[in-house]
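**Q** How does the following fold in three dimensions:
(chains A and B)
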There are 2 protein chains.
Amino acid sequence: MLIVKKFGGSSVANKERVYNVANRILEDYLAGHEVVVVLSAQGDTTDELLEKAWEINPNPSKREMDMLLSTGEQQSVSLMVMALEALGHPAVSLNAFQVPMYTSSAYSNARLKKIEADRIKSELERKNIVVVTGFQGINKFDDITTLGRGGSDTTAVALAAALDADKCEIFTDVDGVYTADPRVVKNARKLDEITYDEMLELASLGAKVLHNRSVELAKKYGVELVVRSSLTREEGTVVKEECKMEKMLVSGVASDKDIARIAVVGIKDEPGKAFTLFSLLAKKGINVDIILQSVGRDNTKDISFTVPKSDLKEAVKLLEENLERISGSKIEVDENVAKVSLVGAGMASNAGVASTMFEALYDAGINIKMISTSEIKISILVDETEAEAAMNAIHEQFRLHMER
Amino acid sequence: MLIVKKFGGSSVANKERVYNVANRILEDYLAGHEVVVVLSAQGDTTDELLEKAWEINPNPSKREMDMLLSTGEQQSVSLMVMALEALGHPAVSLNAFQVPMYTSSAYSNARLKKIEADRIKSELERKNIVVVTGFQGINKFDDITTLGRGGSDTTAVALAAALDADKCEIFTDVDGVYTADPRVVKNARKLDEITYDEMLELASLGAKVLHNRSVELAKKYGVELVVRSSLTREEGTVVKEECKMEKMLVSGVASDKDIARIAVVGIKDEPGKAFTLFSLLAKKGINVDIILQSVGRDNTKDISFTVPKSDLKEAVKLLEENLERISGSKIEVDENVAKVSLVGAGMASNAGVASTMFEALYDAGINIKMISTSEIKISILVDETEAEAAMNAIHEQFRLHMER
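**A** All right, here's what the predicted structure looks like:
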């Protein structure tokens, strides 16, 4: 069996953890499997390098930042191989040039385009454990790129696809995917399995277990992922195309407080105004999430939508400058909101999920500010202070703590 | 003019020094020159990485060590480019893969074999300052190698040769090559110029300004070197094929305390015994320096020679195990010795240099234990405690403090 195992930075932060990971790798290797390991930079290495860079230049070019940051993973992989050697087993580290792993040109946020697997395969044939740098690639100029947030997960999935691996394990500091954040919902339950689509919705809703891009890639190439802890022996959660349990109506509830609501009031009820508004935001790369249009007074309409808190200032400035073009009368902002979402692949074919959810919120006395639905997701906007109560109420109502 | 400038690790140890170097680079760039910069790892980075490695594995493979250590230079070059960018000038960093710089396969002590200059040339054409990682290369397996001690100097010289540079400046923490170590001989004088051969003799004698390999390479490709300080504006010393001053009988005096003398006493006076002895040492990679053979008692001979102190134990063990094959009767060791050498390209054609040197030592009451001469060098072995007195006596006798 060919197994790809990815370990995050905290899993290899010091000597003890490096050896802990080395021993887990060896369990598979000694059982006769071929093992390819993907590592992130150790613990705080990336933060320390960022600090060093910013001290010298608060606004360095992304090319040079990638050149700098990629050294963190290279250190991790060589140290891991040294540990495996100390334990008496053959291993070899490879960076993005050596694999090679090609990406798009965009520094700091590149996309993996092609992985050539020959070198890895020949190392595996020589019975080596292969330890590969995550998070990085090279572009067509032979320059080093990095893959952005969650990049090492993406590297692992892409390698699993390129090598046609039998298994791709993502080790994190949690032991799987839960029905809700266990810090918020006390009796949240670990899921045995979840579909790619559900995982995508949960990740984008702030579940922070796997980055969306890695899940998208896994879905595209049908790579079955296992999310599990590097510190425990728990089985973890399998992420795959279809889950065996038809009954999995609802798989989890997540919340995201990093949003703000903007309302543009009094827009003339003419065609093209919404288009003007959202294309303004799109041009600046501002992601708009929930959108709601309602009828206003005197033949006007109001358009409300949410944006990430980090984009709020720029969005408001942009809208104020163009208020006349949009024909709005004023802009209202609400920063104290949270999005709470219910995700489940079974929703699409089951009526009544939304009403059950709203019932739970009504019973808990929580006011709903906006609603948005997709095939496998229902999101609502509530007051930020009520987010956790909302999650708990929904979790309880759908009995997510119970095994199904 | 195309200028290659190399800066050592202490020259880029922190933000202030990085900016000091950046400004020196810019002086040439803004004067209209093309500038290629070679950097070592910052300050203690290499030592810190070594410590990290040894903590995990006291005896790691050299391949992985090179993979680890090479990250230090990559960090230096990216940080330097960030500083140049902050000062408003275009620059680009390149590592061994990107140049590319090919070496022999030997990890931790590789030799540069070929540098492809196309990428650097095209970056220069685009008016970029090019900042290249010193000390590292890639071998035919696409693995990272390092060049061993003084490796960054070698990188700079090799780049200057490959680019047909007009100038190759090696910046160190001293402001040039001196007639003797200024910490030992108070009125030691900085030389304006020195030949490759003299520099080679001085370097191997412990002058520690330039590593031999870089000087050999400079001699081979006729690259004129300038050794100067990164902290002052002093002119430095030019290292080249021939110096204009015919009178440069003697260019400097150096000492090396890192040696020990071994004597094998009572060797049968038969052919092949010396060969047996030295091939034993050569096979173990032990460098033998001054060799002296003298007639012993009863048709035997004594062979004395010096080895680096670090090799003494192994050499003695080896000789004791093979004492019968060598037909020696016993082994004597003297650790308290120092080698003092006088170097000068003019010696070859001038008799009397040796006798003047010996006269100086006689006047100072210093006993000579061994003598060895080459075309441009006279080395003597003295008691370790008398090394500094010997240097001063010789320096004085040849009036090396006086401009000629």
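
**Q** Where does pLDDT dip in chain A?
**A** Within chain A, the segments meeting pLDDT under 70 span A:204-207, A:244-248, A:348-349, A:351, A:404.

**Q** Now do the helices in it.
**A** A:15-30, A:45-56, A:62-86, A:118-125, A:151-162, A:196-202, A:212-221, A:273-283, A:312-321, A:323-326, A:353-363, A:387-397 (DSSP state H).

**Q** Export those helices to JSON lines and append columns for distance to chain B and mean neighbour count.
**A** For glycine as for every other residue, the C-beta is placed from the backbone atoms N, C-alpha and C. Shown next, in JSON lines, are these (distance: least, C-beta to the nearest C-beta, whole Å; neighbours: other C-beta atoms under 10 Å in any protein chain shown):
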{"stretch": "helix A:15-30", "distance to chain B": "5", "mean neighbour count": "18"}
{"stretch": "helix A:45-56", "distance to chain B": "5", "mean neighbour count": "16"}
{"stretch": "helix A:62-86", "distance to chain B": "4", "mean neighbour count": "26"}
{"stretch": "helix A:118-125", "distance to chain B": "7", "mean neighbour count": "15"}
{"stretch": "helix A:151-162", "distance to chain B": "17", "mean neighbour count": "27"}
{"stretch": "helix A:196-202", "distance to chain B": "34", "mean neighbour count": "25"}
{"stretch": "helix A:212-221", "distance to chain B": "25", "mean neighbour count": "21"}
{"stretch": "helix A:273-283", "distance to chain B": "27", "mean neighbour count": "15"}
{"stretch": "helix A:312-321", "distance to chain B": "24", "mean neighbour count": "15"}
{"stretch": "helix A:323-326", "distance to chain B": "37", "mean neighbour count": "14"}
{"stretch": "helix A:353-363", "distance to chain B": "50", "mean neighbour count": "16"}
{"stretch": "helix A:387-397", "distance to chain B": "40", "mean neighbour count": "21"}
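
**Q** Now render those helices as TSV, adding distance to B:R297.
**A** Listed next are these as TSV, based on distance: least, C-beta to C-beta, whole Å:
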stretch	distance to B:R297
helix A:15-30	59
helix A:45-56	66
helix A:62-86	53
helix A:118-125	62
helix A:151-162	73
helix A:196-202	89
helix A:212-221	81
helix A:273-283	98
helix A:312-321	95
helix A:323-326	110
helix A:353-363	107
helix A:387-397	97
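
**Q** Can you check which of those helices gets nearest to B:V307?
**A** helix A:62-86 (31.1 Å; C-beta to C-beta).

**Q** picking that back up, so for B:T276, which of the helices of chain A sits nearest?
**A** Smallest distance to B:T276 across those (C-beta to C-beta): 37.2 Å, for helix A:62-86.

**Q** and of the helices of chain A, who's closest to B:G137?
**A** The closest of these to B:G137 is helix A:62-86. By C-beta to C-beta, the value is 15.5 Å.

**Q** Give me the angle between that closest one and helix B:62-86.
**A** Relative orientation of helix A:62-86 versus helix B:62-86 (axes from the mean of the first three to the mean of the last three C-alpha atoms, to 10 degrees): 160 degrees.

**Q** picking up where we left off before, figure out which of the helices of chain A is closest to A:V92.
**A** Short answer: helix A:118-125, nearest of those by C-beta to C-beta, at 5.3 Å.

**Q** What lies in contact with the closest one?
**A** Residues from elsewhere that reach helix A:118-125 (C-beta atoms under 8 Å, 6 or more residues apart in numbering or on different chains): A:2, A:34, A:36, A:92, A:94, A:98-100, A:130, A:132, A:159, A:163, B:142.

**Q** before we move on, back to that, out of the helices of chain A, which gets nearest to B:I115?
**A** Closest among the helices of chain A, using C-beta to C-beta: helix A:62-86, at 19.4 Å.

**Q** Just want the angle from that closest one to helix A:15-30.
**A** Using the same axes, to 10 degrees: helix A:62-86 against helix A:15-30 is 70 degrees.

**Q** got TSV for the contacts of helix A:118-125, with distance to B:Y196 too?
**A** TSV is the format used below for the contacts of helix A:118-125 (distance: C-beta to C-beta, whole Å):
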residue	distance to B:Y196
A:L2	55
A:E34	52
A:V36	49
A:V92	40
A:L94	40
A:Q98	37
A:V99	42
A:P100	40
A:V130	45
A:V132	44
A:L159	49
A:L163	52
B:D142	33
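
**Q** Just flag the most distant two among these.
**A** The largest separation in these, counting by C-beta to C-beta, is between A:L2 and B:D142 at 22.1 Å.

**Q** Look up how far chain B lies from the residue in chain A sticking out farthest from the centre.
**A** In chain A, counting by C-alpha atoms, centre = their mean, A:D298 sits farthest out from the average C-alpha position, at 43.6 Å. Distance, A:D298 to chain B, by C-beta to the nearest C-beta, to the nearest Å: 54 Å.

**Q** what residues are up against the residue sitting nearest the centre point of chain A?
**A** The centroid of chain A falls nearest to A:H211 when counting by C-alpha atoms, centre = their mean (2.1 Å). Applying C-beta under 8 Å, 6+ apart, one finds that A:H211 lies in contact with A:149-151, A:153-154, A:203.

**Q** Please repeat the previous calculation with a cut-off of 6 Å.
**A** Counting by C-beta atoms under 6 Å, 6 or more residues apart in numbering or on different chains, A:H211 touches A:149-150, A:153.

**Q** could those residues go into JSON lines alongside distance to A:A315?
**A** Formatted as JSON lines, these follow (distance: C-beta to C-beta, whole Å):
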{"residue": "A:R149", "distance to A:A315": "21"}
{"residue": "A:G150", "distance to A:A315": "25"}
{"residue": "A:D153", "distance to A:A315": "29"}
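
**Q** out of these, who's nearest B:N350?
**A** Ranked by distance to B:N350 (C-beta to C-beta), those are led by A:R149 at 71.2 Å.

**Q** Pretty sure A:F7 sits against A:T172.
**A** No - A:F7 lies out of contact with A:T172 (C-beta atoms under 6 Å); the separation is 8.7 Å.

**Q** So between the two, which is more surrounded?
**A** Higher neighbour count among A:F7 and A:T172: A:F7, with 28 against 22, using other C-beta atoms under 10 Å in any protein chain shown.

**Q** what's the spacing between the more buried one and B:K186?
**A** Using C-beta to C-beta, to the nearest Å, we find A:F7 at a distance of 58 Å from B:K186.
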